[in-house]
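Enquirer: Got a predicted model here, sequence first, then my questions.
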Amino acid sequence: MVRPQSLLFRMHIDVPLIGAVLLMCTLGMVVLYSASDQSLDVLIKQAVRILIGLCAMIGIAQISPSRLARWAPAIYLVGLGLLVLVLIMGTGRGAQRWLDFGFLRFQPSELMKLAVPLTVAGFMADKVLPPRPRTTAVALMLVLLPAALIVKQPDLGTSILVASSGLFVLFFGGISWRFMRNCTILGLAAAPLAWFSMHDYQRRRVLTLFDPEQDPLGAGYHIIQSTIAVGSGGLNGKGWLNGSQSHLEFLPERATDFIFAVYCEEFGLVGVLVLLLAYAMIIVRSMQIALDAQEMFGKLIAASLTLTLFIYIFVNMGMVTGQLPVVGVPLPMVSYGGTSLVTILIGFGILMSVQTHRKFIADT
């Protein structure tokens, strides 16, 4: 195979992936403009965050996967330190999830969505696979420690996503089905204990999923209003900027967690299919990068990041349509936000690094 000579490839930019990402970010800006009541201020802030994220993505793509693997433990330890700092001096509405240094405000748990799979993949890459019990035990410790710190904030949704990103590495590393079966049985047996250890608002969210009408002006309000918005979109939607649920302010958190409801109302089923196609382009390309990776670390981290992205999309859409509890997961590259958006784009930078640092053998 001849080494590609394109300028973008030499710059470690994967054209199909960055094309799909830019398409998705553009679509997100269009929806956000409507969801934010046509606020140029919100749109400019999001554009700046996208630009920062794209610069970070391209910068990370220049770093070889082997170097990322070496840096992963240090990033992990810094992330753990920041999570401990959040418990001491964190800020937020009803929960300590953010660190505010005046000039910079960010959510350290977002960093762990990358640090955990990077560290677990780096740890497992040079081990015998499928992983032996000792390797599995150490990997689980690396996953559960940050997840436990995030639960203490409390932020159950993010802790599950962080843990999942690390567990996906174990899954792609060839962990035995017997082990997964035993863990599932153990998890089901521990469910009652987990239920009583949850905060009251977390239990209400789960109960509301089954009967949102029991508290239509309280815990069930988000789900009721979002499902009304989704259903009212019909086949073709009401048209851009014409969503009544959002513009009459019935829909809460319409620019962040529930922006998918705004999209459904304004663009309908046809628009949703376009959105899903755009996401599918990204996921298919990302999985192709994982399959083509030459080293085990690249395969593990690329596959884990791809499946994690799919879970974010699935959970947000399930939450907005009333199929899953409200857990505060933004829709990737569409929802308004800073730390989560930059983190996702950095993840794409890691995928590009895996793809463009492959060694090519010239034809003889």
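Expert: That came in fine, so what should we check first? Residues are numbered from 1 along each chain as shown.
Enquirer: From the contact counts, what lies against the helix or strand hosting residue 32?
Expert: Applying DSSP states H and E as the criterion places residue 32 in helix 15-35. Applying 3 or more CB pairs under 8 Å, 6 or more residues apart in numbering; DSSP states H and E, one finds that helix 15-35 makes contact with helix 40-61, helix 244-247, helix 259-292, helix 339-356. Bear in mind the C-beta positions are built from the backbone N, C-alpha and C, glycine included.
Enquirer: what is the mean pLDDT for the third one?
Expert: To tie it back to what came earlier, the one meant is helix 259-292. In this model, helix 259-292 has a mean pLDDT of 94.
Enquirer: now swap in the second one and tell me
Expert: Averaged across helix 244-247, pLDDT comes to 82.
Enquirer: Check the last one too.
Expert: For helix 339-356, the mean per-residue pLDDT is 94.
Enquirer: Run the angle between it and helix 259-292 for me.
Expert: 20 degrees (axes from the mean of the first three to the mean of the last three CA atoms, to 10 degrees).
Enquirer: returning to that earlier point: the helix holding residue 32 to helix 339-356, inter-axis angle?
Expert: Using the same axes, to 10 degrees, helix 15-35 lies at 170 degrees relative to helix 339-356.
Enquirer: what inclination does helix 15-35 have with respect to helix 40-61?
Expert: Put simply, helix 15-35 runs at 160 degrees to helix 40-61, going by the same axes, to 10 degrees.
Enquirer: CA atoms of helix 15-35 as PDB?
Expert: Only the C-alpha atoms of helix 15-35 are listed here, as PDB (Å, rounded to 0.1, in the frame of the first residue of the first chain):
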ATOM      1  CA  VAL A  15     -11.400  13.900   5.700                       C
ATOM      2  CA  PRO A  16     -14.500  11.700   6.100                       C
ATOM      3  CA  LEU A  17     -14.600  12.100   9.800                       C
ATOM      4  CA  ILE A  18     -14.000  15.800  10.000                       C
ATOM      5  CA  GLY A  19     -16.500  16.400   7.200                       C
ATOM      6  CA  ALA A  20     -19.200  14.600   9.100                       C
ATOM      7  CA  VAL A  21     -18.300  16.400  12.300                       C
ATOM      8  CA  LEU A  22     -18.400  19.800  10.700                       C
ATOM      9  CA  LEU A  23     -21.800  18.900   9.200                       C
ATOM     10  CA  MET A  24     -23.100  17.800  12.600                       C
ATOM     11  CA  CYS A  25     -21.800  21.000  14.300                       C
ATOM     12  CA  THR A  26     -23.400  23.200  11.600                       C
ATOM     13  CA  LEU A  27     -26.700  21.400  12.100                       C
ATOM     14  CA  GLY A  28     -26.400  21.900  15.800                       C
ATOM     15  CA  MET A  29     -25.900  25.600  15.400                       C
ATOM     16  CA  VAL A  30     -29.000  25.900  13.200                       C
ATOM     17  CA  VAL A  31     -31.100  24.100  15.900                       C
ATOM     18  CA  LEU A  32     -29.500  26.100  18.800                       C
ATOM     19  CA  TYR A  33     -30.300  29.400  17.100                       C
ATOM     20  CA  SER A  34     -34.000  28.500  17.300                       C
ATOM     21  CA  ALA A  35     -33.800  26.800  20.800                       C
END
